[in-house]
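Whatever this is, show me its structure:
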Amino acid sequence: MTEEDKARAIRVARTIASDIAQYNEDKILKGLQQDTLFQLLEDQIEEGREFYRSRVGTELDAATNYFDRAIVDMILKPRGHLKMPIW
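Alright, predicted model coming up:
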């Protein structure tokens with residue numbers, strides 16, 4: 001796996017996670033308030049992961065946690081300032 005492959009995989013993962021965040025703001029806020037975020041976004045995250053694997057390959061996905069990190073970076077961290085019962 002080259003550095004270019006890694007950089008591309010990170011970009012793809014972040015783009016997909018950003019799209020999930022953009023189109024599911026209501027679910028995200030509800031999930032954070034009720035501590036059910038991953039249950040509410042289960043279908044979107046799984047669909048995003050499958051698309052990610054189709055773009056970067058299952059081997060690279062299995063060897064890294066780029067997609068999971070992108071979910072945290074693009075969905076959770078930007079909302080860390082919000083007052084939520086789970087934090």
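
can you give me the mean pLDDT across whichever strand or helix holds Gly48?
Under the criterion of DSSP states H and E, Gly48 resides in helix 42-56. On average, the pLDDT along helix 42-56 is 97.

For stretch 42-51, which outside residues touch it?
Contact with stretch 42-51 is made by Ile16, Ala17, Asp19, Ile20, Tyr23, Asn24, Lys27, Phe38, Asp61, Phe67, Ile71, as judged by CB atoms under 8 Å, 6 or more residues apart in numbering. Glycine gets a C-beta too; all of them are placed from N, C-alpha and C.

Ignoring the adjacent residues along the chain, who's closest to the third one?
If you skip the residues right next to it in sequence, Asp19 has Gly48 as its closest partner in space, 7.4 Å away by CB to CB, 6 or more residues apart in numbering.

For the residue nearest to Ile28 when sequence neighbours are not counted, list the residues it contacts.
The shortest distance from Ile28 to any residue other than its chain neighbours is 6.1 Å, reached at Ile75 (CB to CB, 6+ apart). Contacts for Ile75 (CB under 8 Å, 6+ apart) come out as Ala17, Ile20, Ala21, Ile28, Leu37, Leu41.

can you pick the most crowded of those residues?
Ala17 (25 neighbours; other CB atoms under 10 Å).

Under a three-state scheme, what state does that residue occupy?
Following DSSP: H, G, I helix; E, B strand; the rest coil, Ala17 is assigned to helix.

now the one 10 residues further on
In the three-state summary, Lys27 is assigned as helix, counting by three-state DSSP.

I'd like to know how many residues surround it.
If you count neighbours by other CB under 10 Å, Lys27 ends up with 17.

which residue is nearest the centroid of this structure?
Nearest to the mean C-alpha position of the chain, by CA atoms, centre = their mean, lies Ile71 at 2.2 Å.
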